[in-house]
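Visitor: Okay, here's the prediction I keep looking at, along with the sequence it came from:
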Amino acid sequence: MKEIPFSRDSKKTLKLFRKINKFKDLSDKELVNFVKYGKLCEYNPDELIIKEGDYDCWVHFLINGSLNVLKGDHKVSSLCRCGDVFGEMGVIDGSQRSASIVANSKVWLLSFDASVIEDKLKSGHTNFCYIIYRIFAEVLAVRLRHTTEENIKLRNEPERLQNELKILKSSISKKKPARNYSHSIDIKDEKILIVDSVESTRKIIRSILKDLGFKAIYEAYDGFHALNILEDDNIDLIISEWDLAKLSGLDLLKKVRSNPLKKETAFLMMLHESDKKLIDLAVNAKVSQCIMKPYSGNTVLEKIEAVLG
């Protein structure tokens, strides 16, 4: 994948994004204000865009090219229409990716990070949030309409009812695949604190931990909030994002390590693999383990077992 730089307000840019049918009713000013929060990315054939089972906060608009939707090694559908949207369910409910998306040709995507959407909502950029959630609503409405039409067909074709029901049940069960996590540690009484300024990211981590069987899960929206929780509760493990509001993840780690009563608390830091310098800083500050993004549920389990097992 490579990110393609573009001028947000040029006529060429506006013409490119006008290809997306969902943007046709936006004024030039609204379109410029909307796309400036996204990034334009190019993928080569066979390049993986979304991996089944992973957690991430990105939603994508297809501009050109074609994509394959895979369950395991089997192709279940394709996306080839300009304006096709995918990835929105992970943003809405924090669920893991139910299928893999692979480029079938050279592909251009306009992509948005859910943390940006959440930041704009908090800061009062209601127009941006209205546009993105209106698009989500339209996508879900189309899918619901398609499902309704399929149900009508089933009623009119009794001879195909059993086969159609099997397909429907199969598709429903595969939307949230059963996790296959194996536990080698006693997790019933462990208390875990998630520290992230982005609610959607906290939701994803909480979802993973619940699937792993953890019951005592706490959340903090910034570093100082986390310190307040640590004063009141005996936390066994901290899972923290590096970029936090008010107090960075590194500063939070240093404060935990400098507290004689908390210095042995297990601490996992979430980072991108490209952040080599940040990893070194975290290691020097005595981080227990680093979780590289994007991550899977099994990856999180392995890291937790490494520090608590």
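Guide: Okay, I see it.

Visitor: Okay, now the unreliable bits of the stretch 151-300 of the chain?
Guide: Low-confidence segments of the stretch 151-300 of the chain, defined by pLDDT under 70, span residues 151, 153-188.

Visitor: Repeat the analysis, applying 50 as the threshold.
Guide: Judged by pLDDT under 50, the stretch 151-300 of the chain has its weakly predicted residues at 175-179, 181-182, 184.

Visitor: how about the helices in the stretch 51-200 of the chain?
Guide: Under the criterion DSSP state H, counting those that start in this stretch, helices of the stretch 51-200 of the chain are mapped to 88-93, 114-122, 126-156, 161-175, 199-212.

Visitor: and the gap between Ser200 and Phe214?
Guide: In this structure, Ser200 and Phe214 are separated by 19 Å, where distance is defined by CB to CB, to the nearest Å. From N, CA and C alone the C-beta is placed, and that goes for glycine too.

Visitor: domain parsing for the chain?
Guide: By the assignment in automatic domain parsing, the chain contains the domains 2-144, 191-308.

Visitor: Columns distance to Ile152 and mean neighbour count on top of those, output as JSON lines?
Guide: Formatted as JSON lines, the domains of the chain follow (distance: least, CB to CB, whole Å; neighbours: other CB atoms under 10 Å):
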{"stretch": "domain 2-144", "distance to Ile152": "13", "mean neighbour count": "16"}
{"stretch": "domain 191-308", "distance to Ile152": "34", "mean neighbour count": "18"}
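
Visitor: Can you give the distance from stretch 20-27 to the centre of its chain?
Guide: Relative to its parent chain, stretch 20-27 has a centroid offset of 25 Å by CA atoms, centre = their mean, to the nearest Å.

Visitor: And for that stretch, what's in contact with it?
Guide: Stretch 20-27 is contacted by residues 17-18, 31, 34, 61, 63, 82-83, 85, 110, 131, 135, 138 when judged by CB atoms under 8 Å, 6 or more residues apart in numbering.

Visitor: can you rerun that using 10 Å?
Guide: Taking contacts as CB atoms under 10 Å, 6 or more residues apart in numbering, the residues outside stretch 20-27 that touch it are 14, 17-18, 30-35, 61-63, 81-85, 110, 127, 131, 134-135, 138-139.

Visitor: Same check on stretch 282-290?
Guide: Contacts with stretch 282-290, where a contact means CB under 10 Å, 6+ apart, come from 237-240, 242, 249-254, 256-258, 263-271, 273, 275, 278-279, 281, 302-304, 306-308.

Visitor: Filter these down to just the ones in helices.
Guide: Among those, the residues falling in helices (DSSP state H) are 249-254, 256-258, 278-279, 281, 302-304, 306-308.

Visitor: Is it correct that Ile204 is in contact with Val198?
Guide: Yes: counting by CB atoms under 10 Å, Ile204 does reach Val198; the two are 9.4 Å apart.

Visitor: Quickly list what's touching both of those two.
Guide: In terms of CB under 10 Å, 6+ apart, Ile204 and Val198 are both contacted by the residues 57, 114.
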